[in-house]
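Visitor: any chance you can model this:
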Amino acid sequence: RVLTRLSQPPLSAMRAMGTRVGSPSLSLDLDQIRKVLIRMEDSIIFALIERSQFYSNSKVYAAGEHEGIPIPGFSRDGTRYSMLEYLLRETEQMHGRVRRYTSPDEHPFYPDDLPPLVLPPLEYPELIHPCSQSININDQIMHLYLDTLVGEITEPGDDMNYGSTVLADINVLQALSKRVHYGAFVAEAKFQANQKRYEKLINEKDEDAIMELLTDESVERKVVRRVRNKAAVFGSDIQDVMGSIKIGNVTNTKLEPEKVAQLYADWVMPLNKQVQVSYLLQRLD
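Guide: Sure thing, here's the model as predicted:
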């Protein structure tokens, strides 16, 4: 079999034509950052709704031949992967070949096992410090998901929809990862808006003061409220009644809005701020 190179214009020509190189989320404009974060909320909520339609199906998370599902994937020590790890690794192999993880707003769960590219690499605009690529807390996101979130959004049991379950898991994990690691862009925008104050705290390595400076509790409350309202609407049945849109009973939703709001308040925003602090502490290196 022969692999043919996909034809595309040189990057210099693309820039000359005004073509955007990279994701639309690559921006330090505060208004654009806000739009990106709101769009990520939509992706996370819809992914959670999709996952919640299946039972917990704990077999897909169990590693080993006896506890889990006997899939054809093994770690270096010979332990059989769980079905989730196997399909997530395979997904990252496929996405990695077409340069998903060369984008500064993408972070793989298995960074040490990425494949070679089949497309020429893109030269992304240098908007943030290169240290952002060394910040990867996907292991924390995975633990959060398996230890807490799955049990919160699903009913216990086994419906044998293992493939559909894992595909839904992957969508949730990737959406959460992107939202959390976007903290590097948020931190850079905040740094540029208040550079002298941040430089002083960074030089002093005062993590608590940096966390306090970047935290805006009023904004966080608005985010939690907005996410709760979105989950209520997205999880409701919408009907067309006499040419007008009618939203079903928001007390009977596919996913409890309060659980989504709690996810943001207790996990998504704290992890995002953890990334922000890690980024800022290295910003002057």
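Visitor: gap between the residue nearest to C131 when sequence neighbours are not counted and D31?
Guide: Among residues not flanking C131 along the chain, Q282 sits closest, at 3.8 Å (C-beta to C-beta, 6 or more residues apart in numbering). Backbone N, C-alpha and C define where each C-beta goes, glycine included. Between Q282 and D31 the distance, using C-beta to C-beta, to the nearest Å, works out to 26 Å.
Visitor: same thing with E152?
Guide: With distances taken as C-beta to C-beta, E152 is found 33 Å from D31.
Visitor: out of these two, which sits in the more crowded spot?
Guide: Taking neighbours as other C-beta atoms under 10 Å, E152 and D31 compare with E152 leading, 14 against 8.
Visitor: and the gap between that one and P116?
Guide: Taking C-beta to C-beta as the measure, E152 falls 39 Å from P116.
Visitor: same question for F74.
Guide: To P116, F74 is 22 Å away according to C-beta to C-beta.
Visitor: more neighbours: these two, which one.
Guide: Ranked by neighbour count (other C-beta under 10 Å), F74 and P116 place F74 first, with 12 against 6.
Visitor: pretty sure that one contacts E85?
Guide: No - using C-beta atoms under 8 Å, F74 is not in contact with E85, being 10.5 Å away.
Visitor: nearest residue to T148 other than its sequence neighbours?
Guide: Nearest non-adjacent residue to T148 (C-beta to C-beta, 6+ apart): W267, at 7.7 Å.
Visitor: shouldn't that neighbour be in contact with Y145?
Guide: No - W267 is beyond contact range of Y145, at 9.4 Å (criterion: C-beta under 8 Å).
Visitor: so the residue nearest to C131 versus T165, what's the distance?
Guide: From Q282 across to T165, the span is 38 Å (C-beta to C-beta).
Visitor: between these two, which one's more packed in?
Guide: T165 (27 against 15).
Visitor: next structured bit after the host helix or strand of the more buried one?
Guide: Element membership of T165, judged by DSSP states H and E, is helix 162-181. Downstream of helix 162-181, the first helix or strand assigned by DSSP H and E is helix 183-193.
Visitor: may I see the buried residues of that following helix?
Guide: 183-191 (16 or more other C-beta atoms under 10 Å).
Visitor: pull the helix or strand with minimum mean pLDDT from this structure.
Guide: Least confident helix or strand, the chain: helix 11-16 with a mean of 44, by mean pLDDT, DSSP states H and E.
Visitor: list the helices and strands the helix holding T165 packs on?
Guide: Counting by 3 or more C-beta pairs under 8 Å, 6 or more residues apart in numbering; DSSP states H and E, the packing neighbours recorded for helix 162-181 are helix 30-52, helix 83-97, helix 138-144, helix 269-282.
Visitor: chain center to that helix, what's the gap?
Guide: Using C-alpha atoms, centre = their mean, to the nearest Å, the mean C-alpha position of helix 162-181 is found 8 Å from that of the whole chain.
Visitor: re the thing from before, let me know the pLDDT of the residue nearest to C131.
Guide: Looking at Q282, its pLDDT stands at 97.
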